[in-house]
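1. let me see the structure of the following:
(chains A and B)
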Amino acid sequence: MTTDGQSGPIRLLDLGSLPPLRSQTIFHAVGYAMGEGSPDTIMLVSPDAPYVSIGRHQDADREVDLGTCARLGFPVIRREIGGGAVYLDGNQLFTQWIFDAARLPATVEARFALYCDTLVQTYRGLGIAAEYRPVNDIQVAGRKIGGTGAARMDRAEVVVGSLMFDFDVDTMAQVLKVPSEKFRDKVHQTLAEYMTTMRRELGAPPPRETVVARYIAACSEALGRPIEPGALRPDEVALAERLDERFASADWLHEAGGLRRHGVRIHEDVRVAEGAHKAPGGLIRAIVVVREDHIDGIAFSGDFTVEPSTVPVELGEALIGSTLGEADLLARVKGYCQRVQVEAPGVEPGDWVAAVMKATAVELPA
Amino acid sequence: MTQVRGCELPEELYYWIEKHVWVRDEGDDVLTVGITDPAQQLAARVVAVTVKKVGKVLERGQSVATVESGKWVGPVPMPVNGEVIAVNEALATDPTLVNSDPYGTGWIARIKATVWSVQRPELVTGAHGVHEYGAYLESEGISCG
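-> Predicted coordinates:
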């Protein structure tokens, strides 16, 4: 689709592999360097080493285990795109659109629909039953394949995402800052369950050239415009060099955050969160996986005393499928306690529910 | 309040239409700046706002704040040259004020304009300004609600 009769061919910048910092700064540079008459650009790039990317307003110290990243030699780089912290490496091919705002749809929803469709068509061409899940998720049988984001950079509207050849769930779970190791296990388990890649779907990822060819064809079709290989302009490279300096600075990394989300979002419908409630009989901690506003899994722990010892696990199982409503949760806890002779001094059914509610409550950004 | 395509557009404000920024003249070259109803509609639920620090001197078009919604990050451009003299601290704890009350408690920054009388004509205002804004919304297919 085009919204402007002046649109010519789209410039394709296939940059291969770049160092982590440049893999981020280059699309910002092309965005900010866009002037009147600059071409719209589709950029393809992978990092040549692993790193962690954090969202525009995230607080690095709060979201990322900076010690682990330092130990593993991963740079942590703030991007001017929203969303959450993510581990990235050479197994993702970033697909970045840097377009004059006049030549993309005006609403972010419509831009994502167009952008995600090209990724969906690419995956489908490779034999993966990908589906677009508005606003900006792509899923295969309920599992997310890659993330997307968007930003305005002067006159450019930028939409970014990736083609997922493979994804290192173990390392992703390691680099996030989490309240406990138990929580980390839950994040790991949920990532493994709710994320997918070309490797997972196909057994082995297809060659890069095959994927790129399909992607370019899908973009040309969706945008109704020719796509021609091009090169970076000297002013874009010069701006990228300046941005390298800024993006590598401690000031930029530790710029005050502001964005707070409760728990870790795995995809549009799935998140992992933790809550704790102090009952007279002890502290109850609940790590909860929420899927489409229902309980998908719960792990209870704490310093309460309960007999039989199977209660925390069984009670968690009894709550799977519950809505997040207090009444529904309480009915299920009471039902379980009636079936099983639960002895838990100082812990009432309402206390278990309170711990779950603490985890699942929507927290206002602070 | 005037409504165009479902969007609130108060006539007493000044607008930089293409950037969806509003300005309220507080007198003595002091201006309050925010994003318009169509802008908050386009951005959807705002999750974070960062504003440049008080004392920062900026030119028209430079970013005075960055707004992040669930899916998009965008700048709030300075409508005229000036110095930031106050920022809306309430946005740090509740950025959704930008959505619920874009012209009131969701204001973003207060600035002291350098050359307000010179740059004022670059913005539109009054019934005519709202009409022009409405025409722009129509051409872009933007509506609120």
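2. could you use CA atoms for every contact and neighbour count after this?
-> Will do.
3. could you list the low-pLDDT ranges of the stretch 1-150 of chain A?
-> The model of the stretch 1-150 of chain A has pLDDT under 70 over residues A:1-6.
4. what does it have sitting close to chain B?
-> In this structure, the stretch 1-150 of chain A approaches chain B at residues A:56-57, A:80-83, A:106-108, A:135-136, A:149-150, judged by C-alpha under 8 Å from any C-alpha of the partner chain.
5. alpha carbons of stretch A:175-187, as PDB, please.
-> Taking C-alpha atoms only, stretch A:175-187 is exported to PDB below (Å, rounded to 0.1, in the frame of the first residue of the first chain):
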ATOM      1  CA  VAL A 175      20.100 -12.100  31.800                       C
ATOM      2  CA  LEU A 176      16.800 -10.900  33.200                       C
ATOM      3  CA  LYS A 177      16.700  -9.400  36.700                       C
ATOM      4  CA  VAL A 178      14.100 -11.500  38.600                       C
ATOM      5  CA  PRO A 179      13.000 -11.600  42.200                       C
ATOM      6  CA  SER A 180      14.100 -15.200  42.800                       C
ATOM      7  CA  GLU A 181      15.700 -18.200  41.100                       C
ATOM      8  CA  LYS A 182      12.300 -19.900  41.300                       C
ATOM      9  CA  PHE A 183      10.900 -17.100  39.400                       C
ATOM     10  CA  ARG A 184      13.700 -17.400  36.900                       C
ATOM     11  CA  ASP A 185      12.800 -21.100  36.400                       C
ATOM     12  CA  LYS A 186       9.200 -20.100  35.700                       C
ATOM     13  CA  VAL A 187      10.300 -17.500  33.200                       C
END
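6. hmm, who's touching it?
-> With contacts defined as C-alpha atoms under 8 Å, 6 or more residues apart in numbering or on different chains, stretch A:175-187 is touched by A:52, A:61-66, A:68-69, A:85, A:87, A:173-174, A:264, A:272, A:274, A:287, A:289.
7. buried residues, the longest helix seen in chain B. List them.
-> What stands out as the longest helix in chain B, according to DSSP state H, is helix B:126-140. Residues B:129-134, B:137 are the ones in helix B:126-140 that count as buried (16 or more other C-alpha atoms under 10 Å in any protein chain shown).
8. contacting residues around A:Pro206?
-> A:165, A:198.
9. out of the buried residues of helix B:126-140, which comes closest to chain A?
-> Using C-alpha to the nearest C-alpha, B:Leu137 is the member of the buried residues of helix B:126-140 that sits closest to chain A, with 9.8 Å.
10. before we move on, which element is the residue positioned nearest the centre of chain A in?
-> In chain A, the residue lying closest to the centroid (C-alpha atoms, centre = their mean) is A:Gly147, at 5.1 Å. A:Gly147 belongs to no helix or strand when elements are defined using DSSP states H and E.
11. wait, it sits on A:Val135?
-> No: under the criterion of C-alpha atoms under 8 Å, A:Gly147 is not in contact with A:Val135, lying 11.2 Å apart.
12. apart from its chain neighbours, what residue comes closest to A:Val306?
-> A:Ala344 (4.4 Å; C-alpha to C-alpha, 6 or more residues apart in numbering or on different chains).
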